[in-house]
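Chemist: need a 3D model of the following:
(chains A and B)
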Amino acid sequence: MSPSGELLRIENLNKSFAIGGGLFRKPFELKALQEINFSVRHGETLGIVGESGCGKSTLGRCILQLLRPDKGRVLWLGTDLAALPNEEMRKHRKDLQIIFQDPLASLNPRMTVGEIVADPLKTLMPELPAAKRRERVLEMMEAVGLQPEMINRYPHEFSGGQAQRIGIARALITEPKLIVCDEPVSALDVSIQAQILNLLSELKDQFGLTLIFISHNLSVVRHVSDRILVLYLGRMVELASGDDLYGDPKHPYTRALLTAVPIADPKRARQRNIDALQGEIPSPINQPSGCTFRTRCRYAIGLCAEKRPPLETVGDARLVACHRWREIDAIPVEAEVAVAAI
Amino acid sequence: MGEPVLVVEDLSVTFALRDSEVRAVKDLHFSLSAGETLAVVGESGSGKSQAFLSIMGLLARNGRTTGRAMFGDVNLIDLERRALDLHRGRDLAMIFQDPMTSLNPTLKVRTQLTEVLVRHRGMDEQQAIKEAIEMLERVGIPEPTKRANAYPHELSGGMRQRVMIAMALLCRPKILIADEPTTALDVTVQAQMLQLFKDLTNDFGTALVLITHDLGVVAGIADRMIVMYGGRCVESGSVDALFYDPRHPYTLGLLNSTPHVEDRARRLNPITGSPPNLENLPKGCAFHPRCAFRFERCFSERPELVSFDSGRAKACHYQDELTYEESAA
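Modeler: I've put the predicted structure just below:
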């Protein structure tokens, strides 16, 4: 590990998809991720938020090399995973695991719980004897709160929350250092969601895990994350610690997202002047010039259409990509009262 | 609050299975006033959706409804399909979570919208189109004339949800039932939708029923709420009363399971276990296996829904103050 405790460093990562097109027609290029740069320290939880289509899941998959980035480096303890051939990449797979959103859809219905949880061990550590493997499976099941007698049951016999526990056990069994959690609680009931969030935080401590937590739910991300990365149309708009981001958001998009989060407190919710962001995300195929957020931004000026704002460092650890972040606080807008209340 | 527009009493819903019967809703009571927003809160299988599908006559074929849902002098439950059609779409409208599966993919937006007006309000085509486009504008669709000629798949999720709301509102229904209307939407679009609902209840006096599991949404928009568990109402009252002074352990559990955007430090205090299977509800109080406050009586005797204070009710044997931290520890 590097001296700073850095596990993962993403450098200038880009990913596009070709869509449409035909025999004589040029396909469109959908730029899913552009110029992504950040690092993840050992033991932290990095949250990634943004609206649908902002590229957050693509980013998670590019880190694990489930999708290969077009450009840029994914440095895992100094090794560039993006440059490794698939065979070489396999050696690292046990260190990097993933948990998916839809727990039932991500479990093979024809395999028993025991087989599902053991599968990564079989593939990635085939030298392990079967008895040892079974022992590990039972250990993991216990760690995630599943009874040992469930080992021979099939996924359809489980509720969503239990199925997600199976998915977590499967991710944990190779003793990974990093787990990408892609919307792990979005499909669950409220009470179950809280159980899984607590479980993840216990397991993180118990196994010394580092988490990348992808979600569109800002309350959930706030709850679990040390630092948070905000994406808009495939670009980084802000990166800051949870306290800084929620207490003092710098980017107009972050501000707008936060004012839109429902507050589970009736009196404060009523006082709040919800001035929702207008419009919807532009098509990623045909992105606005300059700052891609300018079409929905209340602070946009001529410059924003001409020049893309660079990612600037604020203080020692924050990043923000906005031409006007310094002045925004001084611009009086009635709806900003709402931001202040958070 | 205005006059009651809907009074529901003893509403029960059962589904016939091959050789048994499942009870999805049991003895639901509530009334709804003009301009009021009532939130119906619960987890999967709580019966919250089935209760309102039954009022709209939209249950699956093996479903059976008993009880009364009085719309004025008419009991909607007793009506034949044709008689119910006079009210559905005109007096009561319902919108669903997934707008793509609720719109007809083969028809243009304008065709789907004008159909309602021609049928229920006897308008001619010309008039209906004008009215439909006005409504699209009202629900915040930019370039409504152009969008009216689009097919549903050409619109984004937020836009489709708006089309569905526009369709539901064309006849100025007295009651709008929204089943998880914002769950599939991003927060920014969700905030736009909730603002739209507020305007509707204020401007048109529409009574809104909001079926949801998201307490954040409830806090921002509802006046009263009903909490359902295992097919029954377990607590009801004003939103403020239930949020600041919950008296049923399940309501408290839901509140403690909700992460708050403003404060991170607090560890969530979730309810243990999973929502019950309706085919095999626990004896006594259906919530007892997950309850931190249970005692012997809860295992055998089901608590009745009892009114207290003004306008509040709960179904729980436990009478002391609910101090969660201590009992959980």
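Chemist: what residues does the stretch 51-200 of chain A have near chain B?
Modeler: A:51-52, A:159-162, A:189-195, A:197-198 (CB under 8 Å from any CB of the partner chain). Where you see a C-beta, it was placed from the backbone N, CA and C, and this is true even at glycine.
Chemist: show me those that map onto helices.
Modeler: A:160-162, A:190-195, A:197-198 (DSSP state H).
Chemist: need the contact list for B:G42.
Modeler: B:48, B:213, B:227-229 (CB atoms under 8 Å, 6 or more residues apart in numbering or on different chains).
Chemist: show me those that map onto strands.
Modeler: With strands taken from DSSP state E, the overlap with the contacts of B:G42 comprises B:227-229.
Chemist: want to try TSV for those, with distance to A:R93 and pLDDT as columns?
Modeler: Rendered in TSV, the data for the ones in strands among the contacts of B:G42 read as follows (distance: CB to CB, whole Å; pLDDT from 0 to 100):
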residue	distance to A:R93	pLDDT
B:V227	45	97
B:M228	44	97
B:Y229	43	96
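Chemist: and these as TSV, adding neighbour count and distance to B:P249?
Modeler: What follows is these, written out as TSV (neighbours: other CB atoms under 10 Å in any protein chain shown; distance: CB to CB, whole Å):
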residue	neighbour count	distance to B:P249
B:V227	26	11
B:M228	25	14
B:Y229	27	10
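Chemist: nearest to A:H223 among those residues?
Modeler: B:V227 (22.8 Å; CB to CB).
Chemist: name the nearest residue to the residue of the stretch 101-250 of chain A found nearest chain B, sequence neighbours excluded.
Modeler: Residue of the stretch 101-250 of chain A nearest chain B, by CB to the nearest CB: A:A194 (3.3 Å). Leaving aside its sequence neighbours, A:A194 sits nearest to B:P270 (CB to CB, 6 or more residues apart in numbering or on different chains; 3.3 Å).
Chemist: let me see the contact set for that neighbour.
Modeler: B:P270 touches A:191-195, A:198, B:253, B:256-257, counting by CB under 8 Å, 6+ apart.
Chemist: cutoff 7 Å now
Modeler: A:191, A:194-195, A:198, B:256-257 (CB atoms under 7 Å, 6 or more residues apart in numbering or on different chains).
Chemist: equivalent analysis for B:K314, please.
Modeler: B:234-235, B:247-248, B:306.
Chemist: chain A contacts on chain B?
Modeler: Contact residues (CB under 7 Å from any CB of the partner chain) of chain B with chain A: B:43-44, B:156, B:158, B:186-192, B:195, B:213-217, B:219-220, B:239-240, B:243, B:253-254, B:257-262, B:264, B:267-268, B:270-271, B:274-275.
Chemist: and those, which are buried?
Modeler: B:43, B:156, B:158, B:186-192, B:195, B:213-217, B:219-220, B:239-240, B:243, B:253-254, B:257-262, B:264, B:268, B:270-271, B:274-275 (16 or more other CB atoms under 10 Å in any protein chain shown).
Chemist: low-confidence regions, the stretch 101-250 of chain B specifically.
Modeler: Counting by pLDDT under 70, not a single residue of the stretch 101-250 of chain B qualifies.
Chemist: apply 80 and report the result again.
Modeler: Scanning the stretch 101-250 of chain B for pLDDT under 80 picks out B:101, B:157-158, B:184-185.
Chemist: again with the stretch 101-250 of chain A
Modeler: For the stretch 101-250 of chain A, not a single residue meets the criterion pLDDT under 80.
Chemist: next one: phi and psi at the residue most central in space within chain A?
Modeler: Centrality entry for chain A: nearest residue to the mean C-alpha point is A:I214, 2.3 Å, by CA atoms, centre = their mean. Backbone torsions of A:I214, given as degrees, to the nearest 10, read phi -100, psi 130.
Chemist: try A:R133
Modeler: phi -60, psi -50.
Chemist: and for it, the neighbour number?
Modeler: By the measure other CB atoms under 10 Å in any protein chain shown, the count of residues near A:R133 is 18.
Chemist: ok, back up a step: and of the contacts of B:G42, the nearest to A:E6?
Modeler: Closest to A:E6, out of all of the contacts of B:G42 and judged by CB to CB, is B:H213, at 39.1 Å.
Chemist: what ranges do the helices span in the chain?
Modeler: Went with chain A since none was named. According to DSSP H, the helices that chain A contains are A:56-63, A:86-93, A:113-124, A:130-143, A:160-172, A:190-207, A:218-224, A:242-247, A:252-260, A:266-271, A:302-306, A:336-341.
Chemist: please go with chain B instead
Modeler: B:48-55, B:81-85, B:99-102, B:109-121, B:125-138, B:144-147, B:157-169, B:187-204, B:215-221, B:239-244, B:249-257, B:296-300, B:324-328.
Chemist: buried stuff in the fourth one?
Modeler: Neighbour counts using 16+ other CB under 10 Å place B:109-110, B:112-117, B:120 of helix B:109-121 among the buried residues.
Chemist: relative to chain A, which of those is nearest.
Modeler: Nearest member of these to chain A, counting by CB to the nearest CB, is B:V109, at 16.5 Å.
Chemist: which parts of stretch B:122-138 are buried?
Modeler: Quick answer for stretch B:122-138 (16+ other CB under 10 Å): B:123, B:128-129, B:131-133, B:135-136, B:138.
Chemist: all good on my end, thank you.
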